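Colleague: coords below, sequence missing:
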């Protein structure tokens, strides 16, 4: 059985200044009868997430990774503002408490938010620990239904109309991710060059703009411990913006690995979606169309885009590792993800479908 998502010991070189943070929390939250306790949620690859216990109360602290120089992807104030506004209108995000831009406290900006307790289906969760087929099937439908709910939110009413420029979103994404890839490139991967060219030349027309999460996958949702098919929270809003909702769906499709996918794609385990009960990628699109009332006319483009975007995100992390900005050994083989995901993207384009590619 899957256990509640829990933090562990902080990784070396990612420790926080306990003394400074204790003084800061005393000013913000009052005195604590016990010393500050800091642990780390170590599963993520991007912004660093910590559990902090102060005077018997647990909070979550988020900060940029060490060595990060990708401003738009690690803007703590932006992420804080998104959650602060959303939490007033949407009950599936954690409440925020305060943001701090003074780097003298822990060396970077950070914010503190509510701890949402529950279960998170992490990549590489053993099949024997996964929920049963019936619960997984219910969860997958609720997972996509929650995505359509996010896309249906009136973002101007929520106060997020300045979060991004909706019009022209697709072109900006392809150009932007292509530039990020070139700036962090470490290896010559022909499939990546091919994907960049194909995406820019096959861009679909944008029909609408909405709030999009931009990293929506199983391990970014919190599940009810007593009803695992129920989603109680959506986490990691660092890349959220206003844009084309079908690009958001494309990112989800990119993370959605199936049991009959390429062995290497299954091995790297982008998400815990190979368990029995999870639908195919095309069935995910059917579910999305049912709840959103939006027709997805070009699934190959959105799937290829999702894979390309994942490749670039991973490439940026790998680049930081190669440059010595982080010593996290998990990053040493990330280039393999770039290689296989770009290969699958090209295969999808060549076969003009998103399922049964190998």
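Modeller: Noted; the coordinates are in hand. Bear in mind the structure is a predicted one, so any value in this text is a computation, not a measurement. Numbering: from 1, shown residues only.
Colleague: make it CA atoms for all contacts and neighbour counts henceforth
Modeller: OK.
Colleague: Can you get me a residue count around residue 155?
Modeller: The number of residues packed around residue 155, counting by other CA atoms under 10 Å, is 22.
Colleague: Low-confidence ranges, the stretch 51-200 of the chain, go.
Modeller: 67-73 (pLDDT under 70).
Colleague: Residue 258 and residue 148, how far apart?
Modeller: From residue 258 over to residue 148 the distance is 22 Å, taken as CA to CA, to the nearest Å.
Colleague: Over the longest helix seen in the chain, what's the mean pLDDT, rounded is fine.
Modeller: Criterion DSSP state H: the longest helix present in the chain is helix 299-322. For helix 299-322, the mean per-residue pLDDT is 94.
Colleague: quick check: mean pLDDT across the very next helix or strand once past that helix?
Modeller: Downstream of helix 299-322, the first helix or strand assigned by DSSP states H and E is helix 335-351. For helix 335-351, the per-residue pLDDT values average out at 96.
Colleague: Now helix 335-351: buried residues?
Modeller: Across helix 335-351, burial judged by 16 or more other CA atoms under 10 Å covers 335-349.
Colleague: Please apply the same query to stretch 118-134.
Modeller: For stretch 118-134, by 16+ other CA under 10 Å, it's 118-123, 125, 130-131.
Colleague: And it, how far out from the chain middle?
Modeller: Computed by CA atoms, centre = their mean, to the nearest Å, the chain-centroid distance of stretch 118-134 equals 18 Å.
Colleague: For that stretch, give me every contacting residue.
Modeller: Contact with stretch 118-134 is made by 1-5, 43, 218-225, 228, 232, 269-272, 275-278, as judged by CA atoms under 8 Å, 6 or more residues apart in numbering.
Colleague: Swap in 6 Å and give it another go.
Modeller: 1-2, 4-5, 218-219, 222-225, 269, 271-272, 276-277 (CA atoms under 6 Å, 6 or more residues apart in numbering).
Colleague: that older thread, okay, the buried residues of stretch 118-134 in CSV with secondary structure next?
Modeller: Formatted as CSV, those follow (DSSP: H, G, I helix; E, B strand; the rest coil):
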residue, secondary structure
118, coil
119, strand
120, coil
121, coil
122, coil
123, coil
125, coil
130, coil
131, coil
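Colleague: How about residues contacting stretch 87-105?
Modeller: The contact list for stretch 87-105 (CA under 6 Å, 6+ apart) reads 20, 84, 109-114, 232-234.
Colleague: Just the buried ones from the residues you listed, in ChimeraX syntax?
Modeller: For the buried members of the contacts of stretch 87-105, the matching ChimeraX selection, counting by 16+ other CA under 10 Å, is:
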select :84,109,110,111,112,113,232,233,234
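Colleague: Quick check: the farthest pair among the contacts of stretch 87-105?
Modeller: Farthest apart among these by CA to CA are 20 and 232. That separation is 33.1 Å.
Colleague: Sort out for me which of the contacts of stretch 87-105 are in helices.
Modeller: If you go by DSSP H, the contacts of stretch 87-105 have 20, 84 in helices.
Colleague: now residue 345, nearest residue through space, not along the chain?
Modeller: In this structure, residue 345 finds its nearest non-sequential neighbour in residue 304, 4.8 Å apart by CA to CA, 6 or more residues apart in numbering.
Colleague: ranges for the strands of the stretch 151-300 of the chain?
Modeller: Under the criterion DSSP state E, counting those that start in this stretch, the stretch 151-300 of the chain contains strands at 210-212, 221-224, 227-234, 241-243.
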